[in-house]
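Chemist: Any chance you could fold what I've pasted below:
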Amino acid sequence: MSLPPADSALGKLMSTLPRPGRVEWIGVRPARGVNMQAVDEVAAQTGAGLHGDRYAGGSGKRGVTLIQAEHLPVIAALAGLDSVEPATLRRNIVVSGLPLIALKGRRFRLGEVLLEATEECDPCSMMEAALGPGGYNAMRGHGGLCAQIIEGGAIRRGDALIPVIDAPG
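Modeler: Numbering: from 1, shown residues only. The predicted structure follows:
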């Protein structure tokens, strides 16, 4: 994704966020067909992914998947459910407090880790089984972002999500 120049009017608008975000939930899935496991802390490995996650080692642009906490009730409502647990949606990290989509194509810090949002994380067909009929469509536009790990380290529940403004992306 090509971003507008940082000194343009649109570039300034796109880089202005109301406040930092916050890590609310972390999950890894050690193998295909296994439920997500909630953890309080995870090691992010540069170019590899999250330690203990099935995608670690060959994940490339999809090293980490993130979803916005504020979208969970929206997804639940659109799927006709009372609520949705983060593990059901199969994303690694749930963040709150900022519009996650504003980070697309940008770098940001999550705890000790520097990430770059590479693309939107579209839902897969498994959401139909997980959320019931219409579950796939309930997640469309609310699936979050995929990110690659630029600098590894630890990510902990409660860590701040801080956008890195004017970073190459």
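Chemist: CA atoms for contacts and neighbours, from now on please.
Modeler: Will do.
Chemist: from memory Val95 sits against Ile26, does it?
Modeler: No. If you go by CA atoms under 8 Å, Val95 and Ile26 don't touch, sitting 9.1 Å apart.
Chemist: Quickly find the element holding Ala147.
Modeler: strand 145-151 (DSSP states H and E).
Chemist: All the strands of the chain, in order from the start?
Modeler: Ranges of strands in the chain, per DSSP state E, are 21-28, 37-39, 41-45, 49-50, 64-68, 93-96, 107-110, 113-120, 145-151, 153-156, 160-164.
Chemist: chain center to the shortest one, what's the gap?
Modeler: Strand 49-50 has its C-alpha centroid displaced from the chain centroid by 12 Å (CA atoms, centre = their mean, to the nearest Å).
Chemist: try the fifth one
Modeler: Averaging C-alpha positions (CA atoms, centre = their mean) puts strand 64-68 1 Å from its chain's average.
Chemist: Run a quick neighbour tally on Asp122.
Modeler: Neighbours of Asp122 under the rule other CA atoms under 10 Å: 15.
Chemist: Repeat that for Ala69.
Modeler: 22.
Chemist: cool, and Ala31?
Modeler: Ala31, neighbours per other CA under 10 Å, totals 12.
Chemist: Which residues are in contact with the residue most central in space within the chain?
Modeler: Taking CA atoms, centre = their mean, the centroid of the chain lies closest to Leu66, which sits 1.0 Å from it. Going by CA atoms under 8 Å, 6 or more residues apart in numbering, Leu66 touches 91-95, 121, 144-147.
Chemist: which of those sit farthest apart?
Modeler: Val95 and Cys121 (14.3 Å; CA to CA).
Chemist: Least confident secondary structure element in this protein?
Modeler: Lowest by mean pLDDT, DSSP states H and E among the helices and strands of the chain is helix 9-14, with a mean of 67.
Chemist: how distant is the strand holding Ala147 from the center of its chain?
Modeler: Distance, centroid of strand 145-151 to centroid of chain: 9 Å (CA atoms, centre = their mean).
Chemist: Identify all contacting residues around that strand.
Modeler: 44-49, 60-67, 100-101, 104, 113-121.
Chemist: Tell me the strands beside it, with direction?
Modeler: The pairing partners recorded for strand 145-151 under DSSP bridges are strand 64-68 (antiparallel), strand 113-120 (antiparallel).
Chemist: State the mean pLDDT of the shortest one.
Modeler: Right, the one you point to is strand 64-68. Across strand 64-68, pLDDT averages out at 96.
Chemist: just to revisit the earlier point, who does the residue nearest to the centre of the chain form a beta bridge with?
Modeler: Bridge pairing for Leu66 - DSSP bridges - gives Ile93, Leu145.
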